[in-house]
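# have a look; sequence and predicted model below, questions after that.
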Amino acid sequence: RGLGVALVWLGKALFVWPWVALWRYVLAPVGRGIGVVVAWLVRYLVVVPARWLYAAVLTPVGRGIAWLVRGLGVALVWLGKALFVWPWVALWRYVLAPVGRGIAVVVAWLVRYLVVVPAQWLYTSVLTPVGRGIAWLVRGLGTVLATLVRWVVVVPLVALWRYVLLPAGRALAAVVTVVVREVGAAFGHCWRVAGIISRAIGRFLGTLLRWVFVEPVRWVYRTVLTPLGHGIRDGIWKPVRQALRTARETVRQTRQELRRALFGAPREPRRAAAVPPRREP
């Protein structure tokens, strides 16, 4: 460690500190001085002359050129209006518009007295009386047809429904009701008789199945299988389980003895310090 510290210090003294001193005390001051000189030269050789040239020369020249271009544009606009706009405006205002108004007045007068007035007279004197006559004729024809349909179709159908079909329907409904009630009663009696017979047959089959199948199976289970199961449980299964439990306990103790002989007794875990119960405020 001491040799490493010495080598680090020697490396810094030979390769780091000379360059740091050269940069800090030589190159940085020289660079700052050169920057100040270059900034001063750029300011007084480039920026100040360029600002004076822009303010004293380029700005007045640009304003003069803009004023000249603006005046030239106004002159061109006035010349374009005088050559292409004002003649057509004068032609429209003083020639075409008055001629169009006169033509419109003549056309409106012709349409009024050649179309509108004859159409009004035709509607008032011809079409209105004809339409009223047609409406009166249609109304009378509709009344006649309605009366004819009522006495030829509606009244006979109402009489047929009221005096023929309705009584026949009531009689038929009464007959059908009686027939349905009697058939239902007969079906109910048949259903109850069939229920009594099927219940008796079911009880007989249940008793037969019980004495043929259930009671022999119950006797075999109670007399043969239950004692045999108890004998197998007490004579074979319990000793086998006891032997397996004893063998498992022997193997566990042997494994613990081997672990204790190879690795020593396990350390007892430290008991945690009892934490005093917090008192309620």
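Perfect, thanks for sending it.

# gap between residue 113 and residue 216?
127 Å (Cβ to Cβ, to the nearest Å). C-beta here means a position set from N, CA and C on the backbone, and glycine is covered the same way.

# should've said residue 198
Distance of residue 198 to residue 216, given as Cβ to Cβ: 27 Å.

# how about residue 233?
25 Å.

# do the same with residue 125
120 Å.

# what ranges does this protein have for its helices?
2-11, 17-22, 28-42, 48-53, 59-80, 86-91, 97-111, 117-122, 128-149, 155-160, 166-209, 215-220, 226-232, 238-263 (DSSP state H).

# those helices into JSON lines, with extra columns for mean neighbour count?
Shown next, in JSON lines, are these (neighbours: other Cβ atoms under 10 Å):
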{"stretch": "helix 2-11", "mean neighbour count": "9"}
{"stretch": "helix 17-22", "mean neighbour count": "11"}
{"stretch": "helix 28-42", "mean neighbour count": "10"}
{"stretch": "helix 48-53", "mean neighbour count": "10"}
{"stretch": "helix 59-80", "mean neighbour count": "10"}
{"stretch": "helix 86-91", "mean neighbour count": "11"}
{"stretch": "helix 97-111", "mean neighbour count": "10"}
{"stretch": "helix 117-122", "mean neighbour count": "10"}
{"stretch": "helix 128-149", "mean neighbour count": "10"}
{"stretch": "helix 155-160", "mean neighbour count": "11"}
{"stretch": "helix 166-209", "mean neighbour count": "10"}
{"stretch": "helix 215-220", "mean neighbour count": "10"}
{"stretch": "helix 226-232", "mean neighbour count": "11"}
{"stretch": "helix 238-263", "mean neighbour count": "10"}
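
# now render these as a markdown table, adding mean pLDDT.
Below are the helices of the chain laid out as a markdown table (pLDDT from 0 to 100):
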| stretch | mean pLDDT |
| --- | --- |
| helix 2-11 | 90 |
| helix 17-22 | 87 |
| helix 28-42 | 89 |
| helix 48-53 | 88 |
| helix 59-80 | 89 |
| helix 86-91 | 83 |
| helix 97-111 | 88 |
| helix 117-122 | 86 |
| helix 128-149 | 86 |
| helix 155-160 | 86 |
| helix 166-209 | 86 |
| helix 215-220 | 85 |
| helix 226-232 | 84 |
| helix 238-263 | 83 |
